[in-house]
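Novice: Predicted model follows, preceded by the sequence.
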Amino acid sequence: MSGFILRRFSDLVGQGLKTDKGFKEVHLNTVARDLSEFANVEVTGNQVYNHLRKWTRWQKTWKLKELSGANWDEQNFMITLDAEHYNGHVKDHPKDAEFLNTHLVNYLQMQHIFGSGVAIGRFDMGSTEPLGEQQEADAIDLDVEPPKMPVANSTPQGPSGEKATLGKRKRGMSEKDAQLYGGLVKSVDELSSEIKPGTIGIYKAVMDIPDFTKAAQLFCLNFLMVNKGVAEGFMEMSAEDIEYWMKDHLALHHFGG
């Protein structure tokens, strides 16, 4: 479900999503509705918001890209280490194995959404204050009712009769959560004007191709989303040519997923 949410938000950004001080409710509800139809479970916009707010996989990926001796394979979206470094690191940090020497599924979508705005490493954007220790990504159950969103207090406060504003954060949201969400909003807002619209229908066109694993479909989809010219030609191919292109692309990049 996490991958689906990322892909849908990435699609929206590529189509020119505009935000104003945060994700609009209509965008959250759109992704929630699509996910509900895809997974046949009830999902709310609040649950999608909470899922994104707690997303830390991108931070983990960026941190590992900066490891001593690590190389980045842009073609296959892989963080690579030689055998000695890999074995030593995974021995000390076994949970990092899923990020190293393997294709990072949804990397492109995470880059579109988080790439230029989310706090990375020890410091957030425009600040010299450390965010503290990075935590492992939380496992979020989309079937659990999320906390209510903060609302304005309509009761006048103090002698001036001023009302509470929406700017006050809900109690319980940590400073790190607020910084992460703020960076996420900034990222989408900036990238919405920079990313060229994606090829309409490319996601469905690739994911509906029979006789290929989902991993293979997503691998090809990542390439087509980066290379719009190729994607437009792909959309004009016959079913036979599409199958040939998929097999050739997977073989060319030694895909074994």
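Specialist: Ah, there it is.

Novice: Okay, residue 66 and residue 111: tell me how far apart.
Specialist: Using C-beta to C-beta, to the nearest Å, residue 66 is found at 15 Å from residue 111. Where you see a C-beta, it was placed from the backbone N, CA and C, and this is true even at glycine.

Novice: Compare neighbour counts for these two and give me the winner.
Specialist: Shown here are residue 66 and residue 111; by other C-beta atoms under 10 Å, residue 111 has more neighbours (19 against 11).

Novice: Which residue, neighbours along the chain excluded, lies closest to the more buried one?
Specialist: Leaving out its chain neighbours, the residue that sits closest to residue 111 by C-beta to C-beta, 6 or more residues apart in numbering is residue 58, at 7.9 Å.

Novice: Show me the helices in the chain, by range?
Specialist: Counting by DSSP state H, the chain has helices at residues 2-14, 25-39, 45-53, 57-65, 83-92, 107-114, 175-191, 202-207, 214-226, 228-235, 239-252.

Novice: want to throw the ones you listed into a markdown table with distance to residue 100 and mean pLDDT?
Specialist: Conversion of the helices of the chain to a markdown table gives the following (distance: least, C-beta to C-beta, whole Å; pLDDT from 0 to 100):
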| stretch | distance to residue 100 | mean pLDDT |
| --- | --- | --- |
| helix 2-14 | 19 | 69 |
| helix 25-39 | 29 | 82 |
| helix 45-53 | 25 | 75 |
| helix 57-65 | 7 | 79 |
| helix 83-92 | 6 | 91 |
| helix 107-114 | 13 | 67 |
| helix 175-191 | 24 | 51 |
| helix 202-207 | 26 | 90 |
| helix 214-226 | 17 | 87 |
| helix 228-235 | 28 | 89 |
| helix 239-252 | 22 | 93 |
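
Novice: what's the distance between residue 93 and residue 100?
Specialist: From residue 93 to residue 100 the distance is 9 Å (C-beta to C-beta).

Novice: So these two - more neighbours on which side?
Specialist: Remark: of residue 93 and residue 100, residue 100 carries more neighbours, 19 against 13, as counted by other C-beta under 10 Å.

Novice: wait, isn't the more buried one in contact with residue 73?
Specialist: No. Residue 100 is beyond contact range of residue 73, at 11.3 Å (criterion: C-beta atoms under 8 Å).

Novice: Overlap in contacts, these two.
Specialist: Listed contacts common to residue 100 and residue 73 are 79, 80; contacts here mean C-beta atoms under 8 Å, 6 or more residues apart in numbering.
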